[in-house]
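Novice: Below: sequence and its predicted model.
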Amino acid sequence: MINTNPRPSFAATNGEFGCANFDAAPPLLMPKGGSYVTIWQGSRIVWEGNEEAIPTYFLQEDFDL
């Protein structure tokens with residue numbers, strides 16, 4: 001028996017096989033890059049291009065928020 005589950009941990013004839021010994025896998029991270037970006041300041045476009053080519057002065061990490 002596993003935990004408080006009254007069913008056995010494995011039964012070849014049971015259609016509801018489950019195992020409580022493992023946690024769910026964490027979700028996979030989405031790959032970064034490949035997107036087209038438009039950066040606006042007010043009502044005008046100040047930069048457009050691929051995500052990998054964003055100038056460093058527009059990156060969020062540099063704003064100390």
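Specialist: All right, it came through fine. What you see is a predicted model, and the numbers here were worked out from it, not measured in a lab. Numbers count the residues shown, from 1 in each chain.
Novice: Where does the prediction get shaky in this protein?
Specialist: 1-5, 7-20, 61-65 (pLDDT under 70).
Novice: Repeat the analysis, applying 50 as the threshold.
Specialist: Across the chain, the ranges flagged by pLDDT under 50 are 1.
Novice: All the helices of it, residue numbers only.
Specialist: In the chain, no segments count as helices under DSSP state H.
Novice: how about the strands in it?
Specialist: Secondary structure of the chain (DSSP state E): strands at 36-41, 44-50.
Novice: got the ones you listed as JSON lines, with distance to residue 26 and mean neighbour count columns?
Specialist: (Glycine included, C-beta is placed from N, CA and C.) What follows is the strands of the chain, written out as JSON lines (distance: least, Cβ to Cβ, whole Å; neighbours: other Cβ atoms under 10 Å):
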{"stretch": "strand 36-41", "distance to residue 26": "27", "mean neighbour count": "10"}
{"stretch": "strand 44-50", "distance to residue 26": "28", "mean neighbour count": "11"}
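Novice: any chance of those strands in a markdown table, plus distance to residue 59?
Specialist: Below are the strands of the chain laid out as a markdown table (distance: least, Cβ to Cβ, whole Å):
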| stretch | distance to residue 59 |
| --- | --- |
| strand 36-41 | 10 |
| strand 44-50 | 11 |
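Novice: What are the contacting residues of stretch 36-48?
Specialist: Here stretch 36-48 makes contact (Cβ atoms under 8 Å, 6 or more residues apart in numbering) with 49, 50, 51, 54, 55, 58.
Novice: burial of the fourth one, as a residue count?
Specialist: Which is residue 54. With neighbours defined by other Cβ atoms under 10 Å, the count for residue 54 comes to 14.
Novice: Identify the bridge partners of the closest residue to it other than its chain neighbours.
Specialist: Spatially, and ignoring its direct neighbours in sequence, residue 54 is nearest to residue 37 (6.1 Å; Cβ to Cβ, 6 or more residues apart in numbering). Note on residue 37: beta-bridge partners residue 49, judged by DSSP bridges.
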